[in-house]
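Asker: Sequence first, then the predicted structure:
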Amino acid sequence: MEEKDLIISAKRGDQLAFAMLFKNNYPFLVKYLIKITMNPDIAEELAQETMAKCVEKIDMFNGKAKFSSWLISIATNLYIDQQRKSIREKKWKQQEKDFRRMKWQLESRKEEWNEALSALGKLKEDVRIPIILKHYYGYSYEEIGDMMNLFAGTVKSRVHNGIMDVRKELRLHDESKSAAART
Amino acid sequence: MTNRKVLPLEHEHQDEKYQAALKQLKDGLGSLEENIPVYTPDLQYFEQLAVEQKQTMRKKLMRDLAIFTVVGLLVVSSVLFMLYQLPAAFFILQGIVTLIIFAYSTVSYVKQVNGT
């Protein structure tokens, strides 16, 4: 069955169609959430919440965008709401912990930790998410704006300023590395 | 003239750094994509999730309907009580409500006109 047919069946209340849609899009959704949260456990929890929300809102899906794009726009808004509710201090400490864990997880697979990811993690979520959506997933500024309820121009400036911040952070890291090598 | 020659070079250099940062970002995100394993549950799990969510929605709808009915009954019974037992208070209340609605509509209209 094609995605369009599955969506029509899901709108009619077919649970199996929902299940097939979710199963097909689950890895994509979780991997996206891992990138924005840097925490596989939170990513799985959010994926579950996203799917629950999707069952609730399926009638509002107009089929213009791909189903996976609709899922990640729900997930993005859920994550932003969740972050707004949590206390800033607690949030920062949790993020630090998540990064250390992710770094360890990558290094245990003999993969080098990329400092750009640490720099990306230091950005606020409303800057980090557009960067990931634009430069990793290739969405246009307009599409990201629709997903996050922002103007395309706002998205563009957030992406640009965010990358400038990442660049600064990387330069600082390189400078401290070369200073350590000199001593 | 000299400035004109220097500026594009500097800009190019800046652009190179920007692109380098972007590349590092993409590489990092790519390594996350490839190296963090994701376990996809079986079809039954997702089906169960959809069923449970629908049940939760139905329960919520029933609860909301019950609250709406109770509140509606309370409002109607208190209005009827006022009409038969305290008619003066009933008409004063009707007048106040009409004034509030009129004032609210006027303020919203004025705001809309000023906003455009």
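Answerer: Yep, that arrived.

Asker: make it CA atoms for all contacts and neighbour counts henceforth
Answerer: Noted.

Asker: now the chain, which segments are flagged as low pLDDT?
Answerer: Going with chain A. Where chain A drops to pLDDT under 70, the residues are A:87-93, A:110-112, A:172-183.

Asker: look at chain B instead
Answerer: Scanning chain B for pLDDT under 70 picks out B:1-14, B:115-116.

Asker: residues from it in reach of chain A?
Answerer: Taking CA under 8 Å from any CA of the partner chain as the contact definition, chain B meets chain A at B:17-18, B:21-22, B:24-29, B:31-33, B:35-36, B:38-47, B:49-51, B:53-54, B:57.

Asker: Out of those residues, which sit inside strands?
Answerer: Members of the residues of chain B next to chain A lying in strands (criterion: DSSP state E): none.

Asker: element containing A:Ile8, please.
Answerer: Counting by DSSP states H and E, the element that carries A:Ile8 is helix A:3-11.

Asker: ok, back up a step: the residues of chain B next to chain A, buried ones only, as a ChimeraX selection?
Answerer: In ChimeraX, this line selects whichever of the residues of chain B next to chain A come out buried by 16 or more other CA atoms under 10 Å in any protein chain shown:
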select /B:17,18,21,22,24,25,26,27,28,29,31,32,33,38,43,46,47,49,50,51,53,54
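
Asker: Among the residues of chain B next to chain A, which ones are in helices?
Answerer: Using DSSP state H, B:17-18, B:21-22, B:24-29, B:31-33, B:35, B:43-47, B:49-51, B:53-54, B:57 are the members of the residues of chain B next to chain A that sit in helices.

Asker: For chain A, what lies in contact range of chain B?
Answerer: Looking at chain B, the residues of chain A close enough under CA under 8 Å from any CA are A:15-16, A:18-20, A:22-23, A:26-27, A:30-31, A:35, A:52, A:55-56, A:105-106, A:109, A:111, A:113-117, A:120, A:135-136, A:163-164, A:166-167, A:170.

Asker: who touches whatever helix or strand comes next after the helix holding A:Ile8?
Answerer: Later in the chain than helix A:3-11, the nearest helix or strand by DSSP H and E is helix A:15-37. Applying CA atoms under 8 Å, 6 or more residues apart in numbering or on different chains, the contact partners of helix A:15-37 are A:3, A:6-7, A:9-10, A:40, A:42-44, A:46-47, A:51, A:55, A:68, A:71-72, A:75, A:125, A:128-129, A:132, B:29, B:32-33, B:38-47, B:50-51.
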